[in-house]
Every structure is written in C-alpha cells, then in structure tokens.
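Student: Got a predicted structure plus its sequence, pasted below:
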Amino acid sequence: MTAALIDGKAEAGLLLDEITHAVENLRAKGQRIPGLAVILVGEDPASQIYVRKKREDCAQVGFTSQAHLLSAQTTQHELLDLIDRLNADDTVDGILVQLPVPQHIDTETVIERISPTKDVDGFHPYNVGRLSLRLPTLRPCTPYGIIHLLDRAGETYKGRHATVVGASNIVGRPMALELLLAGATVTICHRFTRNLRPYVESADILVVGVGKRGIVNSDWIKPGATVIDVGMHRDKSGRVTGDLEFATARERAGKITPVPGGVGPMTRAMLLQNTLSAYTRRQRSPE
Ligand SMILES: Nc1nc2c(c(=O)[nH]1)N[C@@H](CN(C=O)c1ccc(C(=O)N[C@@H](CCC(=O)O)C(=O)O)cc1)CN2
Ligand SMILES: [Mg+2]
C-alpha cells in the first residue's frame, strides 16, 4: 500500500483564501482590520525566517502586522513592558512571542503576561485549560492545524486509538487534548515511556512530534494508519525531513503528511485563523 498524501500546503492555501475573503468583507463594510503583533528576542536565524513568513502571511490575507525585533540582551522586564503595551493597544488582536526565547527569560512568565484574549499561539494556561475542559477558545496552532488536516482527510475519532509521541507544551500535550476532544482514545508517549513499540503498533492515528529522528521506527506503523509527522530537520545540504523515515512510513500508512509541506504550512495558517477569531471575539466583547 502507498499512503495518500495529506497536502498541508494546499489546505493552508484554501484557509488563507477564506481568511482573505473575510478581510475583504470587513474592508467593504468600513470596519477595522485584524492586526497581529509578533515579537522576536535575539537573532536565531530560523526564528527570523518564521517571523518574516508570519508577517508575509498577514500581508497576504490583508491583516495589519507589527514586528518587534529585540536584541538578545533585552531584559525580561523590558519584554513584559512591551507585552503590557500591546495588551492595551486596541489595534492589536493577536500577540505572539516567537519561541524559544533566550535563556535569561522565563518562557512561562512571558506567555502568562499576554492577555488570554490576544494569545493567538494558544499557549496561555487559560486557553490550554479551556481546551482541556472541552471549552476550546484560542487553540495551539500546530495541533489545531493537525485536527483541521485530519478532518479534511475524512478522519474519524470515536472508537479509534490515537498515539501521540512527544509531550511538549507546543505539540504533544495540546495534541492529545485535541484528539480527546474529538473523541479518540488517546495514549501519550514521552521520554519516560519504556517500550514505545506497542503504542505505535496499535495506533489508528499516529502523531509523531519528538524533534529527533530514529525514535519511532516506521516499520512499527499499523498498516493503513493515519500518520502525522510534526518533526522538522534540516540536513547539511538544506534538505528538510521529518521525525519518521518517510519512504517506509508511506508504504505502511493509509494517509500521511509529508515534511515539508504537511503540518508546517498548516501551523502558519492556524495562526491567522486564531487572529481572526481573537478579532471577532474582541469586536463582540471589547475589554
Ligand atoms: N511562538 C511560537 N513559537 C514557535 C512555534 C509556534 O507555533 N509559536 N512553532 C515553531 C516554529 N514555527 C512557527 O513559529 C514554524 C516552523 C516551521 C514551519 C514550516 O512551515 N515548516 C516548513 C518547512 C520549513 C522550511 O522548508 O524551511 C514545512 O514543514 O513545510 C512553520 C512554523 C517553534 N516556535
Ligand atoms: Mg528560559
């Protein structure tokens, strides 16, 4: 069997078209346009590229955007001050701090400073708590994008076993909450899981977001399973690959996301979707 490809790039493009259309409608009615503020601390080259792409995405759909590119020496106090100003700025609907931040800054303190109503990354404990209580509001972009891709691929959840490998705050944990919300029976595997193999072998839906190649063996994939690879690795020649050995995984799976062109583009699209949702909520009930 050769798995059908889940085309994240194409799906993201469709969603961006819908958002563009929504912005055109707002413009036609003379209403305010949604705005995103992106903060980058330091000069990490990959983060610089992601921030630039996020601003290009905003321009494409017609959102306003501001970039705050701060030096690596920025103090936590200065960063929190900026977040306070953006929280109070009525033209800003979404605020995101590109991760990782430098060592001297505490990630959790920064995330908690962002108003939950503007937390378009969906990382604030308020928004993660709401997701865990089946009251999703602003949802972490990568898992939300994966659910979008699974839904569009006709996936069903009730009575199905979903295994999530990796328990990070950005991917694994919220992914498990999303799959639970959708009705799947969910297993989360992490660094203390002794024997990964049986959990992978029994997964109807497998999400791998470990950040390392070779942890999950593609030979373990249940024939016909739906496989989502969240990993992203760049080799010396610049080639981008996922956590899984793709050729073998594709021979076993029923449906599979490629890397690049799977989860990544959908993550970016969901950020815009969240910004539009934050805008709509704030228009309805401004603070
Ligand atoms: N504040 C946040 N920080 C980080 C997040 C996040 O969601 N919010 N996620 C990652 C980085 N990231 C977005 O910020 C991101 C990374 C990669 C892609 C992507 O589209 N990847 C492409 C391949 C890229 C390439 O070819 O260079 C793909 O998979 O097709 C999107 C978003 C950590 N930080
Ligand atoms: Mg830190």
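Tutor: Sure, I can see it. Numbers count the residues shown, from 1 in each chain. Ligands and ions are numbered 1, 2, ... in the order given.
Student: can we go C-alpha only for contacts and neighbour counts from here?
Tutor: Will do.
Student: part of a strand, is Val207?
Tutor: Yes: the assignment for Val207 is a strand, going by DSSP: H, G, I helix; E, B strand; the rest coil.
Student: so it sits right up against Ile228, yeah?
Tutor: Yes: contact criterion Cα atoms under 8 Å: Val207 and Ile228 qualify, at 4.7 Å.
Student: separation between the most centrally placed residue in the chain and Gly35?
Tutor: Central residue of the chain (Cα atoms, centre = their mean): Thr142, 2.0 Å from the mean position. As defined by Cα to Cα, to the nearest Å, Thr142 lies at a distance of 20 Å from Gly35.
Student: check contacts around the residue nearest to the centre of the chain.
Tutor: Ile170, Val171, Met175, Val263, Gly264, Met266, Thr267, Met270 (Cα atoms under 8 Å, 6 or more residues apart in numbering).
Student: Likewise for Pro34?
Tutor: Val23, Phe63, Thr64, Thr91, Val92, Asp93, Thr275, Leu276, Tyr279.
Student: Just send the residues you listed back as a markdown table, with secondary structure too.
Tutor: Putting the contacts of Pro34 into a markdown table (three-state DSSP) gives the following:
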| residue | secondary structure |
| --- | --- |
| Val23 | helix |
| Phe63 | coil |
| Thr64 | strand |
| Thr91 | coil |
| Val92 | coil |
| Asp93 | coil |
| Thr275 | helix |
| Leu276 | helix |
| Tyr279 | helix |
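Student: and which of the residues you listed is nearest to ligand 1?
Tutor: Thr275 (12.9 Å; Cα to the nearest ligand atom).
Student: Leu36 is in contact with that closest one, correct?
Tutor: Yes: using Cα under 8 Å, Thr275 is in contact with Leu36, at 6.8 Å.
Student: List the buried residues for the helix or strand where the residue nearest to the centre of the chain lies?
Tutor: Assessed by DSSP states H and E, Thr142 sits inside helix 141-152. Using 16 or more other Cα atoms under 10 Å as the test for burial, helix 141-152 gives Cys141, Thr142, Pro143, Tyr144, Gly145, Ile146, Ile147, His148, Leu149, Leu150.
Student: now the fifth one: how far from Asn274?
Tutor: Translated: Gly145. 11 Å.
Student: swap in the last one?
Tutor: The spacing between Leu150 and Asn274, counted by Cα to Cα, is 18 Å.
Student: Reformat the buried residues of helix 141-152 as CSV; add distance to ligand 1.
Tutor: Listed next are the buried residues of helix 141-152 as CSV, based on distance: Cα to the nearest ligand atom, whole Å:
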residue, distance to ligand 1
Cys141, 6
Thr142, 6
Pro143, 10
Tyr144, 11
Gly145, 10
Ile146, 12
Ile147, 15
His148, 15
Leu149, 14
Leu150, 16
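Student: Throw the residues you listed into CSV and include pLDDT and distance to Leu180, thanks.
Tutor: Shown next, in CSV, are the buried residues of helix 141-152 (pLDDT from 0 to 100; distance: Cα to Cα, whole Å):
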residue, pLDDT, distance to Leu180
Cys141, 98, 17
Thr142, 98, 16
Pro143, 98, 12
Tyr144, 98, 13
Gly145, 98, 15
Ile146, 99, 13
Ile147, 98, 11
His148, 98, 15
Leu149, 98, 16
Leu150, 98, 14
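Student: how about these, which pair is most distant?
Tutor: Cys141 and Leu150 (14.1 Å; Cα to Cα).
Student: What parts of the stretch 1-150 of the chain come near ligand 2?
Tutor: The stretch 1-150 of the chain comes close to ligand 2 at residues Gln103, Ile105, Asp106, as judged by Cα under 5 Å from the ion.
Student: what about the second one, how many neighbours?
Tutor: What it means is Ile105. 18 (other Cα atoms under 10 Å).
Student: Let's verify it: helix, strand, or coil?
Tutor: coil.
Student: Spatially nearest residue to it, not counting backbone neighbours?
Tutor: Spatial nearest neighbour of Ile105, chain neighbours left out: Gln76 (5.4 Å); criterion: Cα to Cα, 6 or more residues apart in numbering.
Student: gap between the one you found and ligand 1?
Tutor: 16 Å (Cα to the nearest ligand atom, to the nearest Å).
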